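A.B. asks: Can you look at this prediction? I've put the sequence above it.
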Amino acid sequence: MPNTARERVLERLLTRLGRARRVGTPMNPASIVEVAAAVLTQPDGRVLLAQRPPGKVYAGYWEFPGGKVEAGESLDTTLARELHEELGIVVTRACRWITRVFEYPTPRCG
């Protein structure tokens with residue numbers, strides 16, 4: 001349960017970005033793609049999002065920076081790699097905030 005106003009806003013945003021599926025709900029394990037994403041915030045409450053480019057699956061959708069976990073890679077390593085590739089930043093500290101499982105409808109291309 002989110003404690004602060006910021007956590008409540010981020011929880012609503014996460015729910016809007018994908019249809020949340022309760023952890024523990026049966027799902028085909030072969031269809032799960034593990035990803036790491038960062039929620040980067042400013043003290044004034046602003047949140048960094050990126051818009052998916054034309055021609056990509058879910059073109060025009062908003063997303064948190066991050067990406068897919070590669071074979072043998074930890075979540076922390078994935079997050080550091082993706083943030084460096086996408087934003088050119090170096091992660092010096094990260095803490096796990098929440099874990100969510102999402103089920104997306106059939107991908108749509110732009």
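C.D. replies: Sure thing, it's come through. Numbers count the residues shown, from 1 in each chain.
A.B. asks: What's the separation between the residue nearest the centre of the chain and Ile98?
C.D. replies: Among the residues of the chain, the one closest to the centroid is Ala37, at 3.7 Å (CA atoms, centre = their mean). According to CB to CB, to the nearest Å, Ala37 and Ile98 sit 10 Å apart. Just so you know, the C-beta spots here come from the backbone N, C-alpha and C atoms, and that holds for glycine as well.
A.B. asks: What of Val69?
C.D. replies: Taking CB to CB, one finds Val69 at 17 Å from Ile98.
A.B. asks: And these two? Which one has more around it.
C.D. replies: Higher neighbour count among Val69 and Ile98: Val69, with 18 against 10, using other CB atoms under 10 Å.
A.B. asks: returning to what we had before: who are the contact partners of the residue nearest to the centre of the chain?
C.D. replies: By CB atoms under 8 Å, 6 or more residues apart in numbering, Ala37 lies in contact with Glu63, Phe64, Pro65, Gly66, Gly67, Leu79.
A.B. asks: Narrow the residues you listed to those in strands?
C.D. replies: Of the positions in these, Glu63, Gly66, Gly67 sit in strands, assigned by DSSP state E.
A.B. asks: Just want to check the distance between the last one and Val39.
C.D. replies: Just to be clear, that refers to Gly67. 15 Å.
A.B. asks: just the first one next, same as before
C.D. replies: Noted for Glu63: a distance of 11 Å to Val39, by CB to CB.
A.B. asks: quick check, Arg81 in a helix?
C.D. replies: Yes. With DSSP: H, G, I helix; E, B strand; the rest coil as the criterion, Arg81 is located in a helix.
A.B. asks: Poorly predicted segments of this protein, please.
C.D. replies: 1-3, 6, 12-31, 103-110 (pLDDT under 70).
A.B. asks: pretty sure Leu49 contacts Phe64?
C.D. replies: Yes. The pair Leu49 and Phe64 passes the contact test of CB atoms under 8 Å, sitting 6.5 Å apart.
A.B. asks: who has more neighbours, the two?
C.D. replies: More neighbours surround Phe64 than the other of Leu49 and Phe64, with 18 against 14 (other CB under 10 Å).
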